[in-house]
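In: Requesting a structural model of the entry that follows:
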Amino acid sequence: MSSTPELRVALEKFRCAIKGLGKELFTMLPEFTDTILVASDGDVPAHRVVLAARSTVMKDWFLLRGVRKEADGVKEGTDRIILDGHSKDEVETFLELLYTGDSAKFADRIRAIFLLARKYQVEDVMALAEAGLYMSLNTDNAVDLFLLATGEKDDALSTAVVQFIEKPVNKILHGA
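Out: Reported below is the predicted structural model:
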């Protein structure tokens, strides 16, 4: 099938409709949810089907629900997933990204989104967060981002930070 302007327009309309469906689901959380994400300062309702579709880790939890252990972050016999160390705002922003691919609050929560996306293996959100971290890299946060990258064993981010730090050091050392 050749790509005609009409086909491209139809595909774009379809993509918008799918994104709109995600936004609808996200805003109707309380009425139709079937699981709870437990943040450090409150609960966030969610849909298992969305979580399972977006995260291989959560999909495995739901499939093995009878065998899960509380140590894995899921309380035995419930659909309550404990997200230790993350605020309700961070979890809601992460969910909004899972559901819609977008969030107005993303820039303020890049670090938390990066950690959640890595832990729950949400590749596209992880790539988005990583790109946000690269773009935010500056002299004020370089050491912090390096520690984050090495702690998460993220070689690409570690390398980017080291290269960022090396530039001014090389200028000083070599007078370039």
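
In: Show me what counts as buried in stretch 132-150.
Out: Neighbour counts over stretch 132-150 (16 or more other Cβ atoms under 10 Å) mark Gly132, Leu133, Leu137, Leu145, Phe146, Leu148, Ala149 as buried. For glycine as for every other residue, the C-beta is placed from the backbone atoms N, C-alpha and C.

In: and that stretch, how far apart are its ends?
Out: 17 Å (Cα to Cα, to the nearest Å).

In: So for it, mean pLDDT?
Out: In this model, stretch 132-150 has a mean pLDDT of 88.

In: so how far is that stretch off the chain centroid?
Out: Put simply, stretch 132-150 sits 17 Å off its chain's centre (Cα atoms, centre = their mean, to the nearest Å).

In: One more: stretch 80-98?
Out: The answer for stretch 80-98 is 9 Å, by Cα atoms, centre = their mean.

In: Output it as CSV - backbone C-alpha positions only.
Out: Backbone C-alpha positions of stretch 80-98 (Å, rounded to 0.1, in the frame of the first residue of the first chain) are rendered in CSV as follows:
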residue,chain,number,x,y,z
ARG,A,80,-1.9,-2.7,45.4
ILE,A,81,1.6,-1.9,44.0
ILE,A,82,3.9,-0.2,46.4
LEU,A,83,6.1,2.5,44.8
ASP,A,84,8.4,3.3,47.6
GLY,A,85,10.2,6.6,47.5
HIS,A,86,7.9,8.3,45.1
SER,A,87,5.3,11.0,45.8
LYS,A,88,1.7,10.8,44.6
ASP,A,89,2.5,13.7,42.2
GLU,A,90,5.4,11.7,40.7
VAL,A,91,3.3,8.6,40.3
GLU,A,92,0.4,10.6,38.7
THR,A,93,2.8,12.1,36.2
PHE,A,94,4.3,8.7,35.4
LEU,A,95,0.8,7.3,34.9
GLU,A,96,-0.2,10.3,32.7
LEU,A,97,2.8,9.5,30.5
LEU,A,98,1.8,5.8,30.4
